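>>> any chance you can model this:
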Amino acid sequence: QAFSCIDQNRDGIITRADLKETDSQLGKTKVSDAELEEMLKEGKGPINFTVFLTLFGEKLNGTNPKESILNTFKLFDPAGTGTVNKDKFKQLLLTQADKFSPEEVFAVTPIDVSENIDYKSLCYIITHGDGKE
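Model prediction:
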């Protein structure tokens, strides 16, 4: 699913244009071509699905799942507040990759009084369960 999200033109190869578009969709509009080329060099050739899986596995090897999840949410929290906007995040979940249904989106998600997702609490639920299992 991640590969399909990044392979914007669906040609089976992740290119600089694919990475640039993916970054743009994530709100990162000032990524230089040099940075994108550095990412592509990690594949030591065209990045097809198999190469992508290998690179992904290498990046995850030895990582802390909780830390990885928190770092992912931090991409949506450039101010470092510990929260992400519920409506913006809902839109992503409903429209990107393996789309969620409206019922699935916030089933166990902690939402504060300002209608923001407390992603640190959500990370705990993802890694430890919500106590209702």
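>>> where do the strands sit along this structure?
Here the chain has its strands, by DSSP state E, at 83-85, 116-118.
>>> can you tell me what sits against the last one?
By that I understand strand 116-118. For strand 116-118, the surrounding residues in contact (C-beta atoms under 8 Å, 6 or more residues apart in numbering) are Thr81, Gly82, Thr83, Val84, Asn85, Lys86, Phe89, Phe106, Thr109, Pro110, Ile111, Asp112. Yep, even glycine has a C-beta here, placed from its N, CA and C like the rest.
>>> buried sites along stretch 104-112?
Phe106, Thr109, Pro110 (16 or more other C-beta atoms under 10 Å).
>>> which ones are touching the last one?
This points to Pro110. Taking C-beta under 8 Å, 6+ apart, one finds Ile117, Asp118, Ser121, Leu122, Ile125 in contact with Pro110.
>>> packing partners for the lowest-mean-pLDDT helix or strand in the chain?
Within the chain, no helix or strand scores below helix 102-105, which has a mean of 74 by mean pLDDT, DSSP states H and E. With contacts taken as 3 or more C-beta pairs under 8 Å, 6 or more residues apart in numbering; DSSP states H and E, helix 102-105 sits against helix 86-95.
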